[in-house]
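S.K.: give me the fold of what follows.
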Amino acid sequence: MENFSVFRTPQTIVYGRHALNEVAKESASRGTKALVISDPIMESLGYVSNIRNDLSKVGVESAIYLGVKTEPTDIYVEEALNLLKSENCDVIISLGGGSCIDTAKAVAVLATNGGYIGDYMGGKTLASQNPVPHIAIPTTAGTGSEVTDATIITNTKNNVKMMIKQPVFMPDVAIVDPMLTISSPKSVTAATGVDALSHAIEAYISRRAHPMTDKLALSAMELIVGNLLAAYEDGNNLVAREAMSLGSLQAGMAFSNASVCLVHGMSRPIGALFHVPHGFSNAMLLPAVLEFSKAECIGRLADLGRYYDPQAEIVSNEEAAEIAVSSVKKLCLDLNIPNLKGWGIDQQQFESVISKMAEDALASGSPQNNPRIPSKEEIMELYLSCYTYDFANHRVSKLK
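M.R.: Below you'll find the model as predicted:
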């Protein structure tokens, strides 16, 4: 565990039922014209028009960008940035899942610092100017992007998901309203829920974990483990939805400050090359990566096992850690998470890019935070294993 000196969060976090009602006040204190970055689903549900009406009541004009239809790309960023400039917007509101929020983060920074978003990857360019104020409003319980200082944007020229992390990417305000998650379909609830769980677990087992992130990660794991299935089975279960929103929020703060590990490092290339949504690709990888890492984080995985099964309190750490891994597998089964083959990815095409994916995963830096640091060859074997991973009765595959 490293010593730490900085813990970053948004300036303001508004949490709870009907927290969305605060968006006009928060916007009016930061600008006079807002760019609302959202997606067609949020528009069809009436949330975009409601926000614009609330803004007009406090004298804030607005423009909308609804082009975010998939995982965020550099094309979306450029389109939204051009609109922000042409409309002279001075505050940004992102409403949606992580794709909308990550797009908005990039726009906020580029609007004042210039350049191409890829220039900021790996600290090649450091943003020196404050970004346009950004109010992030998640509509799923999973990504935690509303409280992180990172953005994930796909470079459409080389199909690489760029993980870009600098303090300026942190939103100024996070408005977390569990009521917004009720409209999430079961598949989205499942994928984003396991995404949140992977954030909490990876923050807890990360080599960069520290006492503040540990408390948040443990609380998040307890909330998610206890409520994800209930939210999945009954989307109108507001108690479960509230718990998931809070768990996702806490997990986001935890991993933003402790970092993610191997799951996320391996997940990004799958999303970039095969367009698998981030939550699903994390879920497809999580059990296998936990099995790979288990020997180096027995005690920490044992803590997770004890949240799943009270009987784990009276068994050894090794047994409790195995309960954790088995419970995550069962959760994926219960949530109908497919493996990579079940998603429809062609095996020959997948195997042809395994080497590139392993290289891209390592280049992201995330695998180096893992309790067991993998080699390129080990990552390749994990990818192959995950292609046909059987959550019910797993057998480890080997590279030929």
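
S.K.: just checking, what packs against the lengthiest helix in the chain?
M.R.: Residue-count comparison of every helix in the chain, with assignments taken from DSSP state H, identifies helix 211-233 as the longest. In this structure, helix 211-233 packs against helix 186-205, helix 238-258, helix 298-308, helix 317-334, with contacts taken as 3 or more CB pairs under 8 Å, 6 or more residues apart in numbering; DSSP states H and E. For the C-beta atoms, the positions are set from N, CA and C on the backbone; glycine is no exception.

S.K.: how about 7 Å then?
M.R.: Contact partners of helix 211-233 among helices and strands, from 3 or more CB pairs under 7 Å, 6 or more residues apart in numbering; DSSP states H and E: helix 186-205, helix 238-258, helix 298-308.

S.K.: how far does the one helix or strand residue 84 maps to sit from the chain's center?
M.R.: When elements are assigned from DSSP states H and E, residue 84 belongs to helix 74-86. Between the mean C-alpha point of helix 74-86 and the mean C-alpha point of its chain there is a distance of 22 Å (CA atoms, centre = their mean, to the nearest Å).

S.K.: give the buried residues for it.
M.R.: When burial is assessed from 16 or more other CB atoms under 10 Å, helix 74-86 yields the following buried residues: 74, 76-77, 79-81, 83-84.

S.K.: ok, stretch 41-48 next?
M.R.: Across stretch 41-48, burial judged by 16+ other CB under 10 Å covers 41-42, 47-48.

S.K.: what do you get for stretch 176-196?
M.R.: 176-181, 184, 188-196.

S.K.: so where do the strands sit in the stretch 1-150 of the chain?
M.R.: With DSSP state E, counting those that start in this stretch as the criterion, the stretch 1-150 of the chain has strands at 12-15, 33-37, 61-65, 91-96, 134-138, 150-155.

S.K.: quickly name whichever of the buried residues of stretch 176-196 is closest to residue 320.
M.R.: Closest approach between those and residue 320, by CB to CB: residue 194, at 20.6 Å.

S.K.: what sits closest to the closest one if chain neighbours are left out?
M.R.: Closest residue in space to residue 194, ignoring its immediate chain neighbours: residue 283 at 3.8 Å, by CB to CB, 6 or more residues apart in numbering.

S.K.: same check, this time on residue 366
M.R.: If the residues on either side of it in the chain are set aside, residue 366 comes closest to residue 265, at 3.4 Å by CB to CB, 6+ apart.

S.K.: is it fair to say that neighbour lies in a strand?
M.R.: No - the secondary structure assignment for residue 265 gives helix rather than a strand, going by DSSP: H, G, I helix; E, B strand; the rest coil.

S.K.: low pLDDT regions in this protein?
M.R.: Confidence mapping of the chain against pLDDT under 70 gives the ranges 1-5, 394-400.
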